[in-house]
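> My questions concern the predicted model and sequence given below.
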Amino acid sequence: MVDLSQLNPRQKEAAKYVEGPLLVLAGAGSGKTSVITRKIAYLIDACGIKPHHIAAVTFTNKAAREMKERVMSLVGKGGAKGLTVSTFHNLGLNIIRQELETSGYRAGFSILDQDDCKGIIRDVMQRDHGGDDGDMVEMVQNTISNLKNDLITPEQAINQAQSPQEMLIARTYSVYQRMLKAYNAVDFDDLIMVPTLLFMNHSEVLMRWQRKIRYLLVDEYQDTNTSQYELVKLLVGHRSGLTVVGDDDQSIYAWRGARPENLVLLKQDFPSLKVVKLEQNYRSTGLILNAANKVIDNNPHEFEKKLWSDMGYGDPIRILKCKSDEIEAERIASEIVERRLRYGCGYRDFAVLYRGNHQSRAIEMKLQTFQVPYKLNGGQSFFGRNEIKDLMGYLRLLINPSDDAAFLRVINTPRREIGPTTIEKLSEYASMRDTSMLAATTEMGLEQLLSPKSLDRLRRFGHWLENITRNAYTGDPIAAIKELISDIDYEGHLTQTSSSPGQAERRMKNVWFLVDSIQKMITKAEELGDECTIEDAVGKLLLRDMLEQQEQEDELDQVQLMTLHASKGLEFPHVYIMGMEEELMPHRNSIEADTVEEERRLMYVGITRAKRTLTLTYAAKRRQYGESTDTTHSRFLDELPPDDVEWEGKTEISPEAQRQRGQETLSSLKNLLGDF
Ligand code: ATP
Ligand code: MG
């Protein structure tokens with residue numbers, strides 16, 4: 001039987017309450033996620049609800065994985081069989097997969113990423129509006145995303161457009177959506193919008209899903225957007241099987257359409273809603289918690305929340321002023337090396353958090369210098385790079401000519417002047433003939449649909465790829481891949497699309513690295529007397545790509561690097577937050593847009609990740625666009641309780657002294673090492 005004895009009385013009340021919809025509203029580290037995991041065990045063990053009737057959703061894959069592990073440790077692997085613990089997007093994906101016919105997609109539909117979608121929007125804008133200015137494309141893409149998050153269809157967007165600009169966006173949205181449909185593809189926002197609209201318009205489908213999901217639990221509720229909220233409401237209906245947990249002070253995704261007011265709406269939409277508040281924080285020491293409370297007090301509050309901790313006061317919060325961004329990174333890296341030995345803990349106990357992904361480079365370099373293993377969470381992986389995705393697109397087509405998603409990726413990369421209408425017609429033709437897009441290019445029958453010029457371009461592409469594929473299978477596969485790269489003049493393409501010759505060169509190096517890896521795989525297999533075809537090699541690479549996406553390295557002892565956004569819901573004994581400067585944190589855009597309150601919530605999220613120590617750093621000078629500029633420290637540092645903070649370097653310390661301090665750290669490190 002599930003053991004709830006470790007929960008405090010309020011938590012226990014929340015875990016056991018199944019009579020009606022429930023909201024747990026509480027600050028960071030108060031055990032909201034713990035309530036969800038225990039409650040799932042309680043629903044299975046004590047209420048006899050079968051795991052396949054329970055679904056728990058959260059926002060990131062990492063959080064979903066951790067949640068699932070926690071539940072399995074409570075009910076055992078077998079006991080959790082059939083349980084859904086996933087992100088909102090994964091739940092949506094499953095719904096579309098199982099409701100293909102009603103949702104109007106064909107089996108094997110593709111999920112296009114940001115870049116792919118941007119390419120489509122750029123093409124549409126170029127064709128229909130004669131311009132494809134980069135900033136404009138990005139703005140249109142964001143607006144379309146917001147429209148989808150607000151569940152506004154292209155028709156509605158056109159009807160409600162009030163200015164020429166809104167009309168342009170609405171029309172682009174409409175064509176874009178048509179193209180996705182023709183490609184049998186969805187974007188990320190569709191993963192939520194499509195199932196929600198499906199439920200709204202098809203009561204029999206909704207009923208089927210209501211019968212399947214009898215109890216729904218939602219973590220990080222403050223970050224749901226309109227379409228996610230509608231999905232929740234529809235799935236639950238008039239029943240009582242809903243538990244949501246959240247903290248309005250941790251709402252950090254308003255810029256992506258999240259509506260923290262959904263917390264207030266719950267009370268209206270579910271009149272019998274019960275609200276439980278938790279007040280004890282089990283994560284952080286008293287000083288850290290007090291600092292978090294003080295900072296967030298500067299924001300207006302919808303809900304009153306108290307939070308206390310009996311973990312002792314702990315160490316004061318440290319603020320380190322560093323001379324430059326380079327010294328800042330060096331300081332953090334050397335401290336981690338030293339403190340790991342001093343505290344006798346692992347590298348995994350340290351997290352370095354920052355506002356933007358670009359800030360990771362400096363700390364990565366220094367950690368590498370000190371030979372400290374680290375894990376970059378959410379940054380761009382090798383397989384996420386555009387040039388690698390392009391080449392992988394070609395390779396995927398070589399081994400599987402029916403991979404339409406790969407076809408779409410490469411058909412216009414490099415540009416072949418094959419317009420969206422041509423592709424749309426090709427796609428319609430292929431689906432009518434029940435064949436792949438690549439195979440369709442060389443079939444007779446397209447003549448009636450396409451202009452001779454377009455047809456010729458498509459056919460040339462089809463025949464050329466057929467030829468390369470034959471060479472790859474009958475001759476030396478590596479030579480065939482090299483021939484491919486040279487035929488399409490990929491190097492020229494990179495030169496044209498990169499921001500500098502240096503960048504083009506780095507990207508080309510990545511391409512050769514990939515070719516080299518394939519070559520090595522094949523040679524290694526041959527040495528072992530195995531056969532390794534190009535199919536095997538590419539298949540292995542694809543698998544590695546997927547593994548990388550699943551972040552399998554979680555178990556290793558590595559310093560965790562991530563953005564403040566990505567750290568939500570997680571906890572670490574020792575936390576560094578770097579770049580505590582005006583315009584960086586809070587971010588310049590939010591100062592300009594007057595949305596500093598959201599940045600303050602982000603600060604609150606960052607501070608409350610720390611269990612034992614918290615160190616905030618900033619650089620007096622920072623290099624930007626090749627220039628070194630003076631900075632001002634973040635306003636959030638002034639909002640911390642002055643008595644609980646050790647502010648090093650506020651009074652000017654000479655660069656020599658800073659270096660000296662670094663040296664001292666290193667020599668105390670040597671002393672420590674001497675003891676081993
Ligand atoms: P966040 O707002 O950051 O998502 P949360 O409210 O979800 O935080 P949890 O992650 O569930 O909080 O819990 C924070 C920490 O407190 C965890 O390490 C958890 O194991 C611990 N914890 C939760 N409840 C208790 C309890 N009753 N007794 C002891 N430890 C607890
Ligand atoms: Mg949580």
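Received the coordinates, thanks. Ligands and ions are numbered 1, 2, ... in the order given.
> So which residues on the protein come close to ligand 1?
Taking Cβ under 6 Å from any ligand atom, the part of the chain that reaches ligand 1 is made up of 6-8, 11, 28-34, 247, 250, 282-283, 569, 571, 608. In short, each C-beta sits where N, CA and C put it, glycine included.
> Let me know how buried His301 is, in neighbour terms.
By the criterion of other Cβ atoms under 10 Å, His301 has 10 neighbours.
> picking that back up, could you flag which of the residues of the chain next to ligand 1 are buried?
7, 11, 28-34, 247, 250, 282-283, 569, 571, 608 (16 or more other Cβ atoms under 10 Å).
> Nearest to Lys375 among those?
Proximity of those to Lys375 (Cβ to Cβ) peaks at Glu571, which lies at 15.7 Å.
> Verify the contact between Val24 and Lys274 for me.
No: applying Cβ atoms under 8 Å, one finds Val24 not in contact with Lys274, separated by 9.5 Å.
> Please say which of those two ends up with more neighbours.
Val24 (29 against 16).
> Give the closest residue to the more buried one in space, chain neighbours not counted.
Val245 (4.2 Å; Cβ to Cβ, 6 or more residues apart in numbering).
> does that neighbour sit in a helix or strand, and which one?
Assessed by DSSP states H and E, Val245 sits inside strand 242-246.
> Does ligand 2 have contacts with that strand?
No: Strand 242-246 does not reach ligand 2 (Cβ under 5 Å from the ion); its nearest approach is 7.2 Å.
> Give me the residues contacting whichever helix or strand comes after that strand.
Following strand 242-246 in sequence order, the next helix or strand is helix 262-269 (DSSP H and E). Around helix 262-269, the neighbours that count as contacts under Cβ atoms under 8 Å, 6 or more residues apart in numbering are 21, 23, 25, 221-222, 224, 226, 229, 233, 244, 246, 248, 273, 275, 302-303.
> Repeat that for stretch 420-439.
106, 120, 123-124, 127, 175, 178-179, 182-184, 397, 401-404, 407-408, 411, 440-441, 443, 445-446, 449-450, 454, 457-458, 462, 465.
> Report the distance from it to the chain centre.
Taking the mean of its C-alpha atoms, stretch 420-439 sits 32 Å from the chain's own mean (Cα atoms, centre = their mean, to the nearest Å).
> For that stretch, buried residues please.
420-427, 429-431, 436-438.
> how about the residues of this structure near ligand 2?
Checking the chain against ligand 2 by Cβ under 5 Å from the ion, the hits are 32-33, 569.
> one more time with 8 Å, if that's ok
When proximity is defined as Cβ under 8 Å from the ion, the chain approaches ligand 2 at 28, 32-34, 63, 219-220, 245, 568-569.
> Minimum distance to ligand 1, which residue of the stretch 101-250 of the chain gives it?
The nearest approach of the stretch 101-250 of the chain to ligand 1 comes at Asp247, 5.3 Å away (Cβ to the nearest ligand atom).
> The stretch 251-400 of the chain: strands as residue ranges?
Assigned by DSSP state E, counting those that start in this stretch, the stretch 251-400 of the chain shows strands spanning 274-278, 317-324, 350-354, 374-376.
> now these in JSON lines, with mean pLDDT?
Below are these laid out as JSON lines (pLDDT from 0 to 100):
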{"stretch": "strand 274-278", "mean pLDDT": "95"}
{"stretch": "strand 317-324", "mean pLDDT": "96"}
{"stretch": "strand 350-354", "mean pLDDT": "98"}
{"stretch": "strand 374-376", "mean pLDDT": "86"}
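> Deepest-packed of the ones you listed, please.
Burial of the strands of the stretch 251-400 of the chain is given as mean neighbour count (mean count of other Cβ atoms under 10 Å); strand 350-354 ranks first at a mean of 26.
> Not counting that one itself, show me its contacts.
With Cβ under 8 Å, 6+ apart, strand 350-354 has contacts from 332, 336, 339-340, 360, 363, 559-564, 567, 570, 572-579, 606, 609.
> what comes up buried for stretch 529-542?
Result for stretch 529-542 [16+ other Cβ under 10 Å]: buried residues 532, 534, 537-539, 541-542.
> What mean pLDDT does that stretch get?
For stretch 529-542, mean pLDDT rounds to 77.
> Check stretch 146-165 too.
pLDDT averaged over stretch 146-165 gives 94.
> likewise stretch 595-612?
According to the model, stretch 595-612 has a mean pLDDT of 96.
> can you check stretch 121-140 too?
Here stretch 121-140 scores 78 as its mean pLDDT.
> How far does it sit from its chain's centre?
The answer for stretch 121-140 is 25 Å, by Cα atoms, centre = their mean.
> Identify the residues contacting it?
Taking Cβ under 8 Å, 6+ apart as the rule, stretch 121-140 contacts 118, 141, 144, 168-169, 171-172, 175-176, 179, 412, 419-421.
> let's see 7 Å
Outside stretch 121-140, the residues that touch it by Cβ atoms under 7 Å, 6 or more residues apart in numbering are 118, 141, 168-169, 172, 175-176, 179, 419-420.
> where exactly do the helices run in the stretch 1-150 of the chain?
Using DSSP state H, counting those that start in this stretch, the helices of the stretch 1-150 of the chain run over 9-16, 32-45, 61-79, 88-98, 100-103, 114-129, 134-149.
> same deal with the stretch 251-400 of the chain?
For the stretch 251-400 of the chain, the helices defined by DSSP H, counting those that start in this stretch cover 262-269, 286-296, 325-343, 360-369, 386-399.
> If you count neighbours, what's buried in the third one?
Translated: helix 325-343. Neighbour count says helix 325-343 has 325-340 buried, by 16+ other Cβ under 10 Å.
> now swap in the second one and tell me
Of the residues in helix 286-296, 286-293, 295-296 count as buried by neighbour count, 16+ other Cβ under 10 Å.
> how close does Leu484 sit to Glu639?
Distance, Leu484 to Glu639, using Cβ to Cβ, to the nearest Å: 57 Å.
> returning to what we had before: give the partner strands of the strand holding Val245 in its sheet and their orientations.
Note on strand 242-246: by DSSP bridges, its sheet partners are strand 22-26 (parallel), strand 215-218 (parallel).
> what's next to that strand, contact-wise?
21-25, 32, 35-36, 39, 216-222, 236, 263, 266.
> That strand vs helix 262-269, what angle?
Between the axes of strand 242-246 and helix 262-269, defined by axes from the mean of the first three to the mean of the last three Cα atoms, to 10 degrees, the angle is 150 degrees.
> Pass me the low-pLDDT residue ranges in the protein, would you?
Scanning the chain for pLDDT under 70 picks out 108, 130-134, 378-382, 543-555, 625-626, 649-676.
> So for the helix or strand that contains Gln503, what gets flagged as buried?
Per DSSP H and E: Gln503 is located in helix 501-527. For helix 501-527, burial by neighbour count (16+ other Cβ under 10 Å) applies to 504, 507-508, 511, 514-515, 518-519, 521-522, 525.
> any chance of the strands of the stretch 251-400 of the chain in JSON lines, with distance to Thr102 too?
Output for the strands of the stretch 251-400 of the chain, formatted as JSON lines (distance: least, Cβ to Cβ, whole Å):
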{"stretch": "strand 274-278", "distance to Thr102": "35"}
{"stretch": "strand 317-324", "distance to Thr102": "54"}
{"stretch": "strand 350-354", "distance to Thr102": "43"}
{"stretch": "strand 374-376", "distance to Thr102": "41"}
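> okay, now the closest residue to Leu584 other than its chain neighbours: neighbour count?
Nearest residue to Leu584, sequence neighbours excluded (Cβ to Cβ, 6+ apart): Arg355, at 5.6 Å. Counted with other Cβ under 10 Å, residues neighbouring Arg355 total 24.
> mind listing what Arg355 touches?
Per Cβ under 7 Å, 6+ apart, neighbours of Arg355: 563-564, 579, 584-585, 587.
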